[in-house]
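J.: Here is the input, now give the coordinates:
(one chain, ligands or ions: 1)
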Amino acid sequence: MRLAVLASGRGSNFQALLDARAAGRLDVEFVGVFSDRPKAAVLARASAAGVHAVALAPRDFATRAAHDESLFSAIADVQPDLIVCAGYMRLIDGSQVRRFAGRMVNIHPSLLPKYPGLDTHARALAAGDREHGTSVHYVIPALDAGPVIAQARVPVLPGDDATSLANRVLEREHPLLVASVGLIAQGRVSQHDGQVVFDGRPL
Ligand code: GRF
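T.: Predicted coordinates:
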């Protein structure tokens, strides 16, 4: 399976996918890493691994739609079977989401449908939640609202702050993303009519 990754920052989730591939635990071919931030660390990780890396800064485009049109044309050029949003911090124009419907997943640091959007760890703490976690889901035009493939839960512990909670969640993000992408690569997970299908049955 040809895999493209969209990311804005540090790229530890991309690194987890790379490491799983190197260890023979994930049968994918990385066809490109795409970013909205030219200085993002994820681009250096891609270059170090010999993966095609592209950055397009939104400020170089007049509108969100124009930026996303260029970005997703560059993605289409590498003919991915799946696009993984791994810490991509911008809302994607709906027309591009529809263009890649059923072929784009996102990892989000909350137990969706709780806390779509930003600052999920602080929001879980402020709400007094006793558990928190992360979700991998198919991307639809509405932010962080697509059908969920898999989730991992962590406890919220006394004395947690947003950083300690984010670190606990991140440890679970990496295996969850590798497992989810692996199931898609094996053809065991897909999406039909807004529903996740696992081994031929609606999940
Ligand atoms: C992760 O917590 C991801 O869920 C969120 O942004 C963070 C990205 O981390 N959307 P990294 O860039 O993969 O290290």
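J.: Tell me the residues of this structure that contact the ligand?
T.: 7, 9-13, 86-87, 107-109, 170, 173 (C-beta under 6 Å from any ligand atom). No exception for glycine: its C-beta is placed from N, CA and C like everyone else's.
J.: By neighbours, which of those wins?
T.: Ala86 (28 neighbours; other C-beta atoms under 10 Å).
J.: what secondary structure does the closest residue to that residue other than its chain neighbours sit in?
T.: Once flanking residues are discounted, Ala86 sits nearest to Asn13: 3.8 Å by C-beta to C-beta, 6 or more residues apart in numbering. Going by DSSP: H, G, I helix; E, B strand; the rest coil, the secondary structure assigned to Asn13 is helix.
J.: Equivalent analysis for Val33, please.
T.: Per three-state DSSP, Val33 ends up strand.
J.: Which element, helix or strand, includes the residue nearest to it when sequence neighbours are not counted?
T.: Distance criterion C-beta to C-beta, 6+ apart; nearest residue to Val33, sequence neighbours excluded, is Ala46 at 3.9 Å. Ala46 belongs to helix 41-48 when assigned by DSSP states H and E.
J.: could you list every residue that touches the residue in the chain that the ligand sits nearest to?
T.: Closest contact between the chain and the ligand, by C-beta to the nearest ligand atom, is at Gly87 (2.6 Å). Gly87 makes contact with Ala7, Ser8, Gly9, Arg10, Gly11, Ser12, Asn13, Val42, Ile107 under the criterion C-beta atoms under 8 Å, 6 or more residues apart in numbering.
J.: now the closest residue to the second one other than its chain neighbours: how far from Gly24?
T.: In space, not counting the residues next to it along the chain, Ser8 is nearest to Met89; the distance is 4.2 Å by C-beta to C-beta, 6+ apart. When C-beta to C-beta, to the nearest Å is the yardstick, Met89 and Gly24 sit 31 Å from each other.
J.: next one: Gln186
T.: In terms of C-beta to C-beta, Gln186 sits 14 Å off from Gly24.
J.: Which of those two has more residues huddled nearby?
T.: Gln186 (12 against 7).
J.: Give the buried residues for stretch 12-32.
T.: Neighbour counts over stretch 12-32 (16 or more other C-beta atoms under 10 Å) mark 12-18, 20-21, 26, 28, 30-32 as buried.
J.: Can you add pLDDT and distance to Asp81 and give the residues you listed back as TSV?
T.: As requested, the buried residues of stretch 12-32 are exported to TSV (pLDDT from 0 to 100; distance: C-beta to C-beta, whole Å):
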residue	pLDDT	distance to Asp81
Ser12	98	23
Asn13	98	18
Phe14	98	17
Gln15	98	21
Ala16	98	19
Leu17	98	14
Leu18	98	17
Ala20	98	17
Arg21	98	15
Leu26	98	14
Val28	98	9
Phe30	98	12
Val31	98	9
Gly32	98	12
